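**Student:** Dropping a prediction and its sequence here:
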Amino acid sequence: MNVDQVTQNVTDRDMHLLYARSVAGRDNQTEIDARFHPAAIPPGMARRVERLLRSVRFGRADVRRFLGEYLSAPKPQIVFSPPRAPLGGRPFKTAAHACGLRLDPRTLLLFDGERMYVNGEAVTLPLPLRAPLRALADCRTLSSGAKLPGALCSLLHRWYLHGWLLIGERHA
């Protein structure tokens with residue numbers, strides 16, 4: 001079983017059911033503990049989750065994806081602001097070509113062999129689209145005049161709408 005299979009198998013609902021069953025008194029000790037320590041994680045629940053996690057086999061891709069998503073995830077206090085007057089797709093492409101693009105200072109963009117990781121999200125791109133995004137990750141800017149194929153421009157436009165990417169190579 002790999003990580004994706006476990007996450008598909010263990011949903012929030014499952015965790016709540018495990019907790020409810022533990023608290024409901026599968027044994028008297030759990031029921032007594034729940035009355036005196038309602039915030040305690042039931043030992044039976046921890047044992048069941050531990051057994052489930054023992055069956056997980058982490059492959060190289062799982063570890064890389066975890067690291068990319070974890071290391072690029074913004075801290076909880078980070079809030080992104082979408083543009084006040086957002087540009088549509090075509091005007092965005094024109095502005096990006098004329099003025100360049102830069103990452104918002106709070107945006108974390110990382111990459112490994114196959115994926116890009118932006119603010120905790122993994123993005124898999126075809127090989128020809130990776131080079132411009134790797135340059136953006138390394139330099140934090142894309143120069144004006146940069147060639148932006150349609151699929152890449154669409155992705156960057158979504159990031160712009162989230163407030164992760166700004167128009168202009170330099171802060172105004």
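**Tutor:** On my side now, so go ahead.

**Student:** Sketch out the low-pLDDT regions of this structure for me.
**Tutor:** Counting by pLDDT under 70, the chain has low-confidence residues at 1-35, 171-172.

**Student:** Can you give the domain ranges for it?
**Tutor:** Using automatic domain parsing, the domain parsing of the chain gives 3-57, 89-167.

**Student:** In JSON lines, list these along with mean neighbour count and distance to K75.
**Tutor:** Placement of C-beta: from N, CA and C, glycine included. Below are these laid out as JSON lines (neighbours: other C-beta atoms under 10 Å; distance: least, C-beta to C-beta, whole Å):
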{"stretch": "domain 3-57", "mean neighbour count": "13", "distance to K75": "23"}
{"stretch": "domain 89-167", "mean neighbour count": "16", "distance to K75": "9"}
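
**Student:** and T94, what element?
**Tutor:** Using DSSP states H and E, the element containing T94 is helix 89-99.

**Student:** could you dump the domains of the chain to a markdown table with distance to R64?
**Tutor:** Putting the domains of the chain into a markdown table (distance: least, C-beta to C-beta, whole Å) gives the following:
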| stretch | distance to R64 |
| --- | --- |
| domain 3-57 | 11 |
| domain 89-167 | 5 |
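
**Student:** of these, which approaches L71 most closely?
**Tutor:** L71 sits nearest to domain 89-167 of all the domains of the chain, at 6.0 Å, using C-beta to C-beta.

**Student:** I'd like to know which elements the helix holding T94 is packed against.
**Tutor:** helix 150-162, strand 165-167 (3 or more C-beta pairs under 8 Å, 6 or more residues apart in numbering; DSSP states H and E).

**Student:** quick revisit: closest one to E69 among the domains of the chain?
**Tutor:** When the domains of the chain are compared (using C-beta to C-beta), the closest one is domain 89-167, at 5.3 Å.

**Student:** gap between the two ends of the closest one?
**Tutor:** End-to-end distance for domain 89-167: 13 Å, by C-alpha to C-alpha, to the nearest Å.
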